[in-house]
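Q: Need coordinates for the following:
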Amino acid sequence: MTTIIIALLVFGVIIAIHEFGHFAVAKLCGIKVNKFAIGMGPVIFKKQGKETEYSLRLLPVGGFCAMEGEDAESTDPRAFSRKSVPKRMAVVVAGAVMNIILGFLLICTTTLLYQDVVTLQIAGFTYTEDAQTGEKISTSTSESCGLQVGDTILSIDGMRLLTDMDLSYKLQSTETEEMTVVVKRNGEKVTLNNVRFYNTKTEGRLDFYVKAEKCNFLNVVRYSALNTVSTARLIWASLIDLVTGKYGFHDLSGPVGIIGTIGEAASVGETIIEKLISVLSLASFITINVGMFNLLPIPALDGARLVFLLIEGIRRKPINPEHEGLVHFIGLAVLLLIMVLVTFQDIMKIVKSNDPPDSSTVSASDDANTK
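A: A predicted model of the protein is given here:
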């Protein structure tokens, strides 16, 4: 129960930060905000302010900041539609920007909790000891391919690496055995061809260690900024993989799946600090994901609204609000349908994971354990 509460709290904060971005910038631009809500569905709590109704709603799957004249004509001089294109663009992107800023701050926090900043410099390779002689035997294939201690990995197969997250992603997602690696060695760039990352003992690709530095203000800020960019870039790469068919619909996850994943993260680790790092690391990924996804030019998302504003700025003439509203309505309907399907899929995954194994599975497992 505690993990579910933590998951709902994290998800709620991410949504609240996004909507607060729209709200705060709208207020700064002199736009009238009629309603500000966290969550969707039935109202749990609401309070009428001087001009804005604030509400908390039952379903923690979204929220909204309803501005005067946002989707319809209005004669109010403080209406959204009556403000300049740059001001409206600032309001539209503010939600995503706030999510990305939150992600950056969360990465700063987790880095400080780790007390180390991970670099891309190779600190050593994996070894094992001979049981009889005690002699150290290398289990690292990449070392025999030319990598050296002190090398800083710059790119793998043309992908520029910014942080250890990029390194992990590239090693896990690359299907080819041999890779082209560019490293910085003694101040110069060196290209190594046909490098194979393989640990002969674990049979995994991690056959080296990277150097970690003690935290200070500059390296924490630099690492957090680069990690934010890496996360955003990986999200776009994942979307491309989804479009190209590398990942399928079954790989998608909605609010139920995300909340479940956050709950699982809250149970990872033995100490409170380890659990906190796990939750905050996942929260940073999710909030940056929310920000980047909202910038996609998909109807009903902030990215599509930004496209309409760019067109208006170029034409120097607004698009018919009814036409734009229809496009966003259709987009919203499609997104809601996808959300319903993905949510159903998430629930079925939970149900199946809780199903007891059948007798044949148990027998096979028991048999395997006795051999």
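
Q: can you pull out the strands in the stretch 201-350 of the chain?
A: Secondary structure of the stretch 201-350 of the chain, counting by DSSP state E, counting those that start in this stretch: strands at 208-214.

Q: Low-confidence regions, it specifically.
A: For the stretch 201-350 of the chain, residues meeting the criterion pLDDT under 70 lie at 241-242, 244-269, 335-336, 338-350.

Q: what residues go with each domain of the chain?
A: 2-112+277-354, 118-214 (automatic domain parsing).

Q: Let's have those domains in a markdown table, adding distance to residue 231 and mean neighbour count.
A: In short, each C-beta sits where N, CA and C put it, glycine included. Output for these, formatted as a markdown table (distance: least, CB to CB, whole Å; neighbours: other CB atoms under 10 Å):
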| stretch | distance to residue 231 | mean neighbour count |
| --- | --- | --- |
| domain 2-112+277-354 | 5 | 17 |
| domain 118-214 | 7 | 15 |
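
Q: now these in CSV, with distance to residue 223?
A: Converted to CSV, the domains of the chain look like this (distance: least, CB to CB, whole Å):
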stretch, distance to residue 223
domain 2-112+277-354, 6
domain 118-214, 7
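
Q: how about those, which one is nearest residue 220?
A: domain 2-112+277-354 (5.2 Å; CB to CB).

Q: That closest one: how far from the chain's middle?
A: 16 Å (CA atoms, centre = their mean, to the nearest Å).

Q: now do stretch 180-196
A: 30 Å.

Q: Leaving out the residues flanking it, which one is nearest to residue 79?
A: In this structure, residue 79 finds its nearest non-sequential neighbour in residue 69, 2.8 Å apart by CB to CB, 6 or more residues apart in numbering.

Q: Now do the one you found against residue 76, distance only.
A: Between residue 69 and residue 76 the computed distance is 6 Å (CB to CB, to the nearest Å).

Q: Between these two, which contacts overlap?
A: Residues touching both residue 69 and residue 76 (CB atoms under 8 Å, 6 or more residues apart in numbering): residue 82.

Q: quick one: which helix or strand includes residue 94?
A: Using DSSP states H and E, residue 94 sits in helix 85-114.

Q: quick one, phi psi at residue 68?
A: Main-chain torsions, residue 68, degrees, to the nearest 10: phi -60, psi 130.

Q: State the mean pLDDT of the helix holding residue 94.
A: Taken as a whole, helix 85-114 has a mean pLDDT of 95.

Q: same question, stretch 34-41
A: Stretch 34-41 comes out at a mean pLDDT of 88.

Q: Give me the contacts around that stretch.
A: Stretch 34-41 has contacts (CB under 8 Å, 6+ apart) with 12, 15-16, 19, 23, 51-68.

Q: Just the CA trace of it, in PDB.
A: Extracted C-alpha coordinates of stretch 34-41, given in PDB (Å, rounded to 0.1, in the frame of the first residue of the first chain):
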ATOM      1  CA  ASN A  34     -10.300  30.100 -15.500                       C
ATOM      2  CA  LYS A  35      -9.500  26.600 -14.100                       C
ATOM      3  CA  PHE A  36      -6.500  24.800 -12.900                       C
ATOM      4  CA  ALA A  37      -6.800  21.100 -12.100                       C
ATOM      5  CA  ILE A  38      -4.600  18.200 -11.100                       C
ATOM      6  CA  GLY A  39      -6.000  14.900 -12.200                       C
ATOM      7  CA  MET A  40      -9.000  14.000 -14.300                       C
ATOM      8  CA  GLY A  41     -12.600  12.900 -13.600                       C
END
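
Q: Return the distance of residue 209 relative to residue 199.
A: From residue 209 to residue 199 the distance is 11 Å (CB to CB).

Q: what residues do these two have in common as contacts?
A: Common contacts of residue 209 and residue 199, defined by CB under 8 Å, 6+ apart, comprise residue 126.

Q: So which residues of this protein form helices?
A: Taking DSSP state H, the helices of the chain run over residues 2-28, 85-114, 141-144, 164-173, 217-244, 255-266, 272-294, 302-315, 321-354, 359-370.

Q: chain center to the second one, what's the gap?
A: Distance, stretch centre to chain centre, for helix 85-114: 12 Å (CA atoms, centre = their mean).

Q: Can you list the helices and strands that that helix packs against?
A: Applying 3 or more CB pairs under 8 Å, 6 or more residues apart in numbering; DSSP states H and E, we find helix 85-114 packed against helix 2-28, helix 217-244, helix 272-294, helix 302-315.

Q: who's in contact with residue 197?
A: Neighbouring residues of residue 197 by CB under 8 Å, 6+ apart: 141-142, 171, 179, 205-208.

Q: How much space separates the closest residue to residue 109 other than its chain neighbours from residue 111?
A: Once flanking residues are discounted, residue 109 sits nearest to residue 280: 5.8 Å by CB to CB, 6+ apart. Distance, residue 280 to residue 111, using CB to CB: 10 Å.
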